[in-house]
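Engineer: what's the 3D shape of this:
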Amino acid sequence: MMKRLLRLFGIVLLVAVQIVAVCYLVDFFFRRYEKNHVYSYATRGAPSFSLEAMLLNDVHGQVAAQKPGKEYRILVFGDSFTYAVTRPEYGFCAVLEQRLNALGLDRPVRVVNLGFPSISFPEYLERFYFWNQALDYDAVIFNVYAGNDFNDVRKTPYDPKALAETLARVCSHGLAFGPYTLLPHQYPFRFLDFVKAQALFRLQSDKSLRKLLGLPDLDSLGVLPDKADQRYRSLLPLSPDQMASEMRSHLKPYFKDTMFAYENALPWYQLFLATAARVAQSGKPVLVMVSPPLCAVSPAVGAEAAKALGQDPAKLDKGLPGRVTRELAASVGLPDDDILDLTPCLAETTPDGHGTYSGRDTHWSPEGNAWVADILAGQLAARWFGRPGDAACQAVQTPAREPVPAGRLLPVAAAKAMADAVVAGCPAQ
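Structural biologist: Here you go, the predicted model:
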């Protein structure tokens, strides 16, 4: 009997090893194919860039490498909350540009929306590495979406060698763009990301397949906001159950046990903040904005999501991501004044009574984007332009910090050294 079990175990182990070996082999060739044949590349020396062709949601659609005239240019980095699911003119970047130009400054302000969906700290670093060299600019806003930026790198350990290879690829090839760059890197084998994307597309678009699998008809769940409101561009068709699942996931950074379980995210975030600090030290104004999910500003949605997580709603800590941000920022030399936590500043509804979030999607509504732009304009008017501004959001900021458990972070010297490499750009040829 024991011999049969050992034989069976040996067969299973052999099959498993063969499967893993085949996956590594397939992934090796798939990544080479993806790099050389799937994407187009933007190069650093180009005189201008078509942001529309690069699938960016910028209101102007293109940007010159060199600033025209006296333009004050602000680059904004982030994920889909920066990109905005609205049409470009309703995203907070475009509205912020309008608000700053209404201040009557002696120079025009251009706010360049470089946000891209489904990315997090590693991709923020890659994209900053490229645009920092490709564009002439004056200031930077980094928008951190607390809801999923930590969760999105849970399967991506901090690997300085892999990051260095990514940056070297930017130097040799440029910044990849094209439809498939929208696919997040969620699995160790990249081809699985493509398999998952195809499966999800079929589930979303094939009504007969959804019926066969016992899934609800998306049309029966109600008209999506992007069909009813032409100000939207790319809302995700989330069912109520999917929305509830997203809220459960997006609430994790607001409880200490789940926030500090993000062992991969914390060193990435530390390096990201070290990069922001290095930019600020170079003389360019920087603002790191921490943006909350709906479940962090809506008591009802937050309580429901907390219960679904098995957490006590009374222990939901809305200030935790902001305090962690300030703790990490202080360790790498980024001042508190360069951090803006929007969590205490936003609510479920805007001051004029509209929903801050779209309701059927996790993102800000057009009115929510406008509110964020108003808050930012009030902050930047005083911070960067010496003009009177609404400091209501600044008044509710807290200087408190949250110590991070030992062993979760990079040595500060290592984080600063890598940040220096990111800001320095490609080595001279």
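Engineer: mean confidence for the helix or strand encompassing E123?
Structural biologist: Assessed by DSSP states H and E, E123 sits inside helix 121-134. Averaged over helix 121-134, pLDDT sits at 97.
Engineer: buried set for that helix?
Structural biologist: Residues of helix 121-134 classed as buried: 121-134 (neighbour count, 16 or more other C-beta atoms under 10 Å). C-beta: built from backbone N, CA, C; applies to glycine.
Engineer: please settle this for me: is V26 part of a strand?
Structural biologist: No. Applying DSSP: H, G, I helix; E, B strand; the rest coil, one finds V26 to be helix, outside a strand.
Engineer: quick one: the strands in the stretch 51-200 of the chain?
Structural biologist: In the stretch 51-200 of the chain, the segments counted as strands under DSSP state E, counting those that start in this stretch are 62-64, 72-77, 109-113, 139-145, 175-177.
Engineer: packing partners of the one helix or strand A300 maps to?
Structural biologist: Here A300 sits within helix 299-308, counting by DSSP H and E. Judged by 3 or more C-beta pairs under 8 Å, 6 or more residues apart in numbering; DSSP states H and E, helix 299-308 is in contact with helix 240-250, helix 294-297.
Engineer: where among the strands of the stretch 51-200 of the chain is average confidence lowest?
Structural biologist: Looking at those, the weakest mean confidence is strand 175-177, a mean of 90.
Engineer: what's the helix holding E123 packed up against?
Structural biologist: strand 72-77, helix 160-172, strand 175-177, helix 265-281, helix 412-424.
Engineer: which one of these is the most hemmed in?
Structural biologist: Ranked by mean neighbour count, the helices and strands packed on helix 121-134 are led by helix 265-281 with a mean of 25 (mean count of other C-beta atoms under 10 Å).
Engineer: weakest of the helices and strands packed on helix 299-308 by average pLDDT?
Structural biologist: The weakest mean pLDDT among these belongs to helix 240-250, with a mean of 91.
Engineer: which neighbouring elements make contact with that helix?
Structural biologist: helix 294-297, helix 299-308.
Engineer: and it, what's buried?
Structural biologist: Those buried within helix 240-250 under the rule 16+ other C-beta under 10 Å are M243, A244, E246, M247, R248, S249, H250.
Engineer: mind checking the pLDDT average for the very next helix or strand once past it?
Structural biologist: Going down the chain from helix 240-250, the next helix or strand is helix 256-259, by DSSP H and E. Averaging pLDDT along helix 256-259 yields 96.
Engineer: export the helices and strands packed on helix 299-308 to CSV and tack on distance to A395?
Structural biologist: Below are the helices and strands packed on helix 299-308 laid out as CSV (distance: least, C-beta to C-beta, whole Å):
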stretch, distance to A395
helix 240-250, 26
helix 294-297, 17
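Engineer: for A102, find the nearest of those helices.
Structural biologist: Among the helices and strands packed on helix 299-308, the nearest to A102 by C-beta to C-beta is helix 294-297 (27.0 Å).
Engineer: which residues sit against that closest one?
Structural biologist: 146-147, 247, 250-251, 254, 301-302, 305, 316, 318, 343, 346-348, 356-357, 362 (C-beta atoms under 8 Å, 6 or more residues apart in numbering).
Engineer: and if we set it to 6 Å?
Structural biologist: Contacts with helix 294-297, where a contact means C-beta atoms under 6 Å, 6 or more residues apart in numbering, come from 247, 250-251, 254, 301-302, 305, 318, 343, 346-348, 357.
Engineer: also stretch 162-181?
Structural biologist: V38, Y39, S40, Y41, A42, T43, M54, E126, Y129, F130, C426.
Engineer: could you turn the buried ones of these into a PyMOL selection?
Structural biologist: Applying 16+ other C-beta under 10 Å to these, the buried members can be selected in PyMOL as follows:
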select buried, resi 38+39+42+54+126+129+130
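Engineer: ok, now which ones touch V153?
Structural biologist: Applying C-beta under 6 Å, 6+ apart, we find V153 in contact with S120, F121, N264, A265, W268.
Engineer: and these, which is closest to L13?
Structural biologist: N264 (28.3 Å).
Engineer: helices of the stretch 301-429 of the chain, start to end?
Structural biologist: 320-332, 366-383, 392-395, 412-424 (DSSP state H, counting those that start in this stretch).
Engineer: just give me the lowest mean pLDDT stretch among those.
Structural biologist: helix 392-395 - the lowest mean pLDDT of the helices of the stretch 301-429 of the chain, at a mean of 80.
Engineer: buried ones in that helix?
Structural biologist: Under the neighbour-count criterion of 16+ other C-beta under 10 Å, helix 392-395 has C393, Q394 buried.
Engineer: going forward, the N-terminal residue is numbered 144.
Structural biologist: I'll keep to 144 as the first residue from here, and by that count the last item is helix 535-538.
Engineer: what does that helix rub up against?
Structural biologist: Helix 535-538 is contacted by residues C488, I518 when judged by C-beta under 6 Å, 6+ apart.
Engineer: pull the CA atoms of it into CSV?
Structural biologist: Taking Å, rounded to 0.1, in the frame of the first residue of the first chain, the C-alpha atoms of helix 535-538 are listed here in CSV:
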residue,chain,number,x,y,z
ALA,A,535,-10.6,73.9,4.4
CYS,A,536,-9.0,70.5,3.4
GLN,A,537,-5.7,71.5,4.9
ALA,A,538,-7.3,72.4,8.2
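Engineer: good, wrapping up.
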